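# Whatever this is, show me its structure:
(one chain, ligands or ions: 2)
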Amino acid sequence: MTTLIINIKELLQVRETSVAKVSGAEMTTLPTIKNAFLLLKNNLIADFGSMDQIPQVKTDKVIDASGKIVLPSWCDSHTHIVYAGNREQEFVDRINGLTYEEIANRGGGILNSAKKLNETSEDDIYQQSSARLEEVMHLGTGAVEIKSGYGLTVEGELKMLRVIQKLAQNYPITIKATFLGAHAIPREFKENRRGYIDCILNEMLPQISKNKLADYIDVFCETGYFTVAETEEIMEAGIHLGLKPKIHVNQFNSIGGIQAGVKYDALSVDHLEVMTTEDIIALKNTKTMPVALPSCSYFLSIPYTPAREMIAAGLPIALATDYNPGSTPSGNMNFVVATACIKMKMTPEEAINAATINGAYAMGISETHGSITIGKKANLIITKPIPSYYQLPYAFGSNLIDTIIIEGQILA
Ligand code: NIG
Ligand code: FE
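Ligands and ions are numbered 1, 2, ... in the order given. All right, here's what the predicted structure looks like:
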C-alpha cells in the first residue's frame, strides 16, 4: 500500500537523520518544509520533500493536503488510561474547597480508584479503557505509554497490565506498559508499608517479569506516598529485571526524587510542578528526560512546570497528558500543547518538539516515532486548512484535525 500526500502547506518536524531528543536552545527550532509531499509505503515514511521534487511513483492513494499542515502524531509518554469508573465526586469536593491531599487522606484519591478497579471485571475494564484509547487516537496521539497502579494488589496489578497488553494487541497504535505498583500504600497495608513494598518486590515484580507484562517501572516518589529510599529500592529491583525506571517526582514537594531518578538512569522524571535550582542542575547533561504534565496543573490548580528556567538551563522537555481519573481526566495532547504555550510560556516550536520527538524519547521509541524521517512509522496528523501551525496552540479548544494516519492507514 503506497500513499502519496501532496500540496502540503507545511510539513513539520522534518528530520533527515533521526535525532534522539532536542534540548535547550535546540527546542526553538522546528524544521519544516513548505509546499511539500510525503510518500508512505505500507506503514512507514518512505520519502518526503518539496513539491517540485516529487518523485514519479505509482501510488495506491493520493491525498491532496492543500492549505493543510502535516505533522507526526503526538507521542503521549505518560498516561493512566486503564482505570474503572471515575472520580467526579472528588472533582466536586475540590470545587467545594477540599484539596487533593485532603481527599487522599480521607481514603479517596488513588485508593478510591483502586477499590473500583478491584471490583470491576477485566472485560469491563478493557471496554472502558479501549473507549479512552480510541478517543485519544482520534485526538492525534499515535503512541501512548500506559501505567498500572490502580490495582495495588497482585491480582489487580496483573489485571491492569493484561488489559494494557490486550490493547496493544488489538490496536495499531504503539503502546508501552509501565508497572506502577508503588502508586500508593493500599489500605490493608496502612500500618505495614514494608509489607506492601515486599509484596511489590517479591510477588508482583517476578510475575510481571515472567509474563513480560511491562517495559518500565514507576514509583510515585512524594511525601505521603513513597520515600526516596523506597523509590530507589523499587527502581533497583525493576532494573534488575530489565525494567527501566520512569518515575513520578516533584508533583507537590521536592524531596530528592529527581536526584534518585538520575542516579538510576531513569528514562524520564515526570510532573516537576515544584522544582528547585538544585533539581534543575541535577538534570543537566543526563539521559533522563524531564516530562511536564500541564493538564494536571490546570485541573488541580497547582504550579506549572517551570519550562523557561529548564530550557534556559539547557534541558530538554517532553509534554504528556497524565490522563487519569483523579488529577487529569483528559487525554487531549492538543490541549497539552496549547496549555504549555499559554501557561508555561513555551513557544509553539518548543511545545511541538516536546510533544513529538521528546515525547518519543520519554517512552523509548525515538527510533521509530516522533519525527518525519524516512523509515519511521507513518503516524501522522493532517490538519484542517489553517493559516499556520501557530493555530494549533492559539485556537485552543478547537478541533483542527482533519485526518489521522496510523501505521499508514487512515483512521476511520
Ligand atoms: O500522575 N500523582 C500520581 N498519580 C497520578 C494521579 C493519581 C490519581 O489521582 O488517581 C498523577 O497525577
Ligand atoms: Fe501520572
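# check contacts around the most centrally placed residue in the chain.
For the chain, Ser77 is the residue whose C-alpha lies nearest the centre (C-alpha atoms, centre = their mean; 2.2 Å). With contact taken as C-beta atoms under 8 Å, 6 or more residues apart in numbering, Ser77 is in contact with 145, 246, 268, 270, 289, 291, 318, 320, 359-360, 362-363. C-beta coordinates here come from the backbone N, C-alpha and C atoms, glycine included.
# Out of these, flag the one nearest to ligand 1.
For those, the residue nearest ligand 1 by C-beta to the nearest ligand atom is Asp270; the value is 7.3 Å.
# Can you tell me the closest non-neighbouring residue to the closest one?
Once flanking residues are discounted, Asp270 sits nearest to Val291: 4.0 Å by C-beta to C-beta, 6 or more residues apart in numbering.
# Same check on Tyr100?
Going by C-beta to C-beta, 6+ apart, Tyr100 has Leu300 as its nearest residue, at 5.5 Å.
# my guess is the one you found contacts Asn324, does it?
No: counting by C-beta atoms under 8 Å, Leu300 does not reach Asn324; the two are 11.3 Å apart.
# so what pLDDT did Val337 get?
On pLDDT, Val337 comes in at 98.
# just to confirm, which helix or strand has it in it?
Assessed by DSSP states H and E, Val337 sits inside helix 333-344.
# With only the CA atoms kept, save that helix in CSV.
Provided in CSV are the C-alpha atoms of helix 333-344 (Å, rounded to 0.1, in the frame of the first residue of the first chain):
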residue,chain,number,x,y,z
MET,A,333,-2.5,16.3,23.6
ASN,A,334,-3.7,19.3,21.6
PHE,A,335,-4.8,20.9,24.8
VAL,A,336,-1.5,20.0,26.4
VAL,A,337,0.4,21.7,23.6
ALA,A,338,-1.8,24.8,23.9
THR,A,339,-1.5,24.9,27.7
ALA,A,340,2.3,24.6,27.6
CYS,A,341,2.3,27.7,25.3
ILE,A,342,-0.3,29.7,27.2
LYS,A,343,0.7,28.8,30.8
MET,A,344,4.3,27.7,30.6
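# which helices and strands sit right next to that helix?
Here helix 333-344 touches strand 74-76, helix 294-300, helix 307-312, strand 318-319, helix 348-355, helix 391-394, going by 3 or more C-beta pairs under 8 Å, 6 or more residues apart in numbering; DSSP states H and E.
# List the buried residues of stretch 149-163.
Counting neighbours by 16 or more other C-beta atoms under 10 Å, one finds that the buried residues in stretch 149-163 are 149-153, 156-163.
# Show the average pLDDT along that stretch.
pLDDT averaged over stretch 149-163 gives 98.
# do the same with stretch 99-117
In this model, stretch 99-117 carries a mean pLDDT of 93.
# quick one: buried residues of that stretch?
Result for stretch 99-117 [16+ other C-beta under 10 Å]: buried residues 100, 103-104, 108-117.
# Could you pull up the mean pLDDT of whichever strand or helix holds Ala237?
If you go by DSSP H and E, Ala237 is part of helix 228-240. Averaged across helix 228-240, the pLDDT comes to 98.
# which helices and strands does that helix pack with?
strand 174-182, helix 193-199, strand 216-221, strand 244-249, helix 257-263.
# mind running it again at 6 Å?
For helix 228-240, the packing partners by 3 or more C-beta pairs under 6 Å, 6 or more residues apart in numbering; DSSP states H and E come out as strand 216-221, helix 257-263.
# Next, the angle strand 216-221 makes with it.
180 degrees (axes from the mean of the first three to the mean of the last three C-alpha atoms, to 10 degrees).
# low-confidence ranges in the stretch 151-300 of the chain?
For the stretch 151-300 of the chain, no stretch has pLDDT under 70.
# How about the residues of it by ligand 1?
220, 248, 251, 296 (C-beta under 6 Å from any ligand atom).
# ok, 8 Å please
180, 183, 220, 222, 225, 248, 251, 270-271, 293, 296, 300 (C-beta under 8 Å from any ligand atom).
# Neighbour-wise, give me the winner out of those.
Leu293 (31 neighbours; other C-beta atoms under 10 Å).
# isn't that residue right up against Asp322?
Yes: between Leu293 and Asp322 there is a contact under C-beta atoms under 6 Å: 4.0 Å.
# Just give the closest residue to the closest residue to ligand 1 within the stretch 51-200 of the chain, not the sequence neighbours.
Closest approach between the stretch 51-200 of the chain and ligand 1, counting by C-beta to the nearest ligand atom: Ile110, at 4.6 Å. Once flanking residues are discounted, Ile110 sits nearest to Ala184: 4.1 Å by C-beta to C-beta, 6+ apart.
# Chain neighbours aside, what residue packs nearest to Leu152?
Pro186 (4.1 Å).
# Tell me, how many residues neighbour that neighbour?
So Pro186, with other C-beta under 10 Å, has 20 neighbours.
# One more: Ile374?
15.
# Now do the phi/psi pair for Thr99.
phi -100, psi 160 (degrees, to the nearest 10).
# any idea how far it is from Arg106?
In this view, Thr99 and Arg106 are 11 Å apart by C-beta to C-beta, to the nearest Å.
# re earlier: with secondary structure added, can I get the buried residues of stretch 99-117 in CSV?
What follows is these, written out as CSV (DSSP: H, G, I helix; E, B strand; the rest coil):
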residue, secondary structure
Tyr100, helix
Ile103, helix
Ala104, helix
Gly108, coil
Gly109, coil
Ile110, helix
Leu111, helix
Asn112, helix
Ser113, helix
Ala114, helix
Lys115, helix
Lys116, helix
Leu117, helix
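# Reformat those residues as JSON lines; add distance to Thr403.
Formatted as JSON lines, the buried residues of stretch 99-117 follow (distance: C-beta to C-beta, whole Å):
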{"residue": "Tyr100", "distance to Thr403": "38"}
{"residue": "Ile103", "distance to Thr403": "41"}
{"residue": "Ala104", "distance to Thr403": "41"}
{"residue": "Gly108", "distance to Thr403": "41"}
{"residue": "Gly109", "distance to Thr403": "39"}
{"residue": "Ile110", "distance to Thr403": "37"}
{"residue": "Leu111", "distance to Thr403": "42"}
{"residue": "Asn112", "distance to Thr403": "39"}
{"residue": "Ser113", "distance to Thr403": "35"}
{"residue": "Ala114", "distance to Thr403": "39"}
{"residue": "Lys115", "distance to Thr403": "41"}
{"residue": "Lys116", "distance to Thr403": "36"}
{"residue": "Leu117", "distance to Thr403": "35"}
